[in-house]
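1. sequence and predicted structure, then a few things I'm wondering about:
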Amino acid sequence: QKTAPVAEVSGLSVRRGRIEALHGVELTVRAGETVALMGRNGAGKSTLLGTLTGLHEPARGTVRVGGAVPHRTAPRELVRRVGLVPQEPRDLLYADTVAAECLAADQDAGAAPGACRALVTELLPGVPDQTHPRDLSEGQRLALALAVVLTARPPLLLLDEPTRGLDYAAKSRLVTRLRALAADGHAIVLATHDVELAAELAHRVVVLADGEVVADGRTAEVVVSSPAFAPQVAKV
Ligand code: ATP
């Protein structure tokens, strides 16, 4: 039985500067579904995630997130529907220390004090409290950004290469956490080059090539059957 759509993209084209980074993209993501967005560098994965959070305006086509048009929705309203952890999460973090960032995340989300800090430690033990987010390692900063967004518990989570810089143990703790969120009805779209991660976590794989969807199906079927996917499998 199909659950309610959380994100609906139809006939979407998006320009980045002089090039058309996406053309004619169709995508529906439903509550409880985890979708892996795959494809080579420059295929358009980040652009699609950015468009779902209103960072880029469609040139053609429509985008709806929880029924709202992202680029016409106020940020305060949009964060109730969708949370993005971008490839470089620096811009997401604005406090002077990890502790302050986490306190703000708890407050913004109306979560119990300490909720965000506990998530950081769950994902990656040993992240220091009094360090400026810009002085963290790549993996530590990613764990903090993931914790900030997971604390808000938006119905739709968008994660751009969420395991970059994380060691094996941290990666498996993130997988466990994301599985629990999906079981709880959250929809997750993750852009990744990590076939293993996609196989472990995703119900569906959507492959982009040159801004177009070239495969969309159940993970096992896409991994086995899509010629567009073959170069990625070969890389691992
Ligand atoms: P990667 O795996 O490297 O993150 P991607 O699949 O996320 O790649 P995008 O970053 O969405 O791909 O890029 C899609 C296209 O848009 C590429 O041709 C890229 O060169 C172009 N592009 C990306 N960012 C910009 C920008 N700021 N200005 C102009 N063009 C851009």
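-> Good, I have the coordinates.
2. surely residue 8 meets residue 64?
-> Yes: applying C-beta atoms under 8 Å, one finds residue 8 in contact with residue 64, separated by 4.5 Å. Using the backbone N, CA and C atoms, a C-beta is placed for each residue, glycine as well.
3. residue boundaries of the strands in this structure?
-> Chain-ordered strands for the chain, with DSSP state E as the definition, fall at 5-16, 19-30, 34-38, 60-65, 82-85, 156-160, 187-191, 204-209, 212-218.
4. would you reformat these as a markdown table and include mean pLDDT?
-> Listed next are the strands of the chain as a markdown table, based on pLDDT from 0 to 100:
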| stretch | mean pLDDT |
| --- | --- |
| strand 5-16 | 98 |
| strand 19-30 | 97 |
| strand 34-38 | 97 |
| strand 60-65 | 98 |
| strand 82-85 | 95 |
| strand 156-160 | 97 |
| strand 187-191 | 98 |
| strand 204-209 | 95 |
| strand 212-218 | 94 |
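5. out of the ones you listed, nearest to residue 121?
-> Taking C-beta to C-beta, strand 82-85 is the member of those nearest to residue 121, at 17.5 Å.
6. which residues touch that closest one?
-> In this structure, residues lying in contact with strand 82-85 by C-beta atoms under 8 Å, 6 or more residues apart in numbering are 7, 49-50, 52-53, 65-66, 70, 92, 142, 145-146, 149-150, 152, 154-160, 162.
7. quickly check: that strand near the ligand or not.
-> No: figure legend: strand 82-85 not in contact with the ligand (C-beta under 6 Å from any ligand atom); closest approach 12.6 Å.
8. how far away from the center of its chain is that strand?
-> Taking C-alpha atoms, centre = their mean, to the nearest Å, the mean C-alpha location of strand 82-85 is offset from the chain mean by 6 Å.
9. again with stretch 201-219
-> 15 Å.
10. need the contact list for the residue of the chain most remote from its centre.
-> Distance to the chain centre peaks in the chain at residue 130, reaching 26.9 Å (criterion: C-alpha atoms, centre = their mean). Remark: with contacts taken as C-beta under 8 Å, 6+ apart, residue 130 is in contact with 97-99.
11. swap the cut-off to 6 Å and go again
-> residue 97 (C-beta atoms under 6 Å, 6 or more residues apart in numbering).
12. re earlier: got the strands of the chain as a markdown table, with mean neighbour count columns?
-> A markdown table is the format used below for the strands of the chain (neighbours: other C-beta atoms under 10 Å):
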| stretch | mean neighbour count |
| --- | --- |
| strand 5-16 | 19 |
| strand 19-30 | 19 |
| strand 34-38 | 25 |
| strand 60-65 | 18 |
| strand 82-85 | 24 |
| strand 156-160 | 24 |
| strand 187-191 | 25 |
| strand 204-209 | 23 |
| strand 212-218 | 17 |
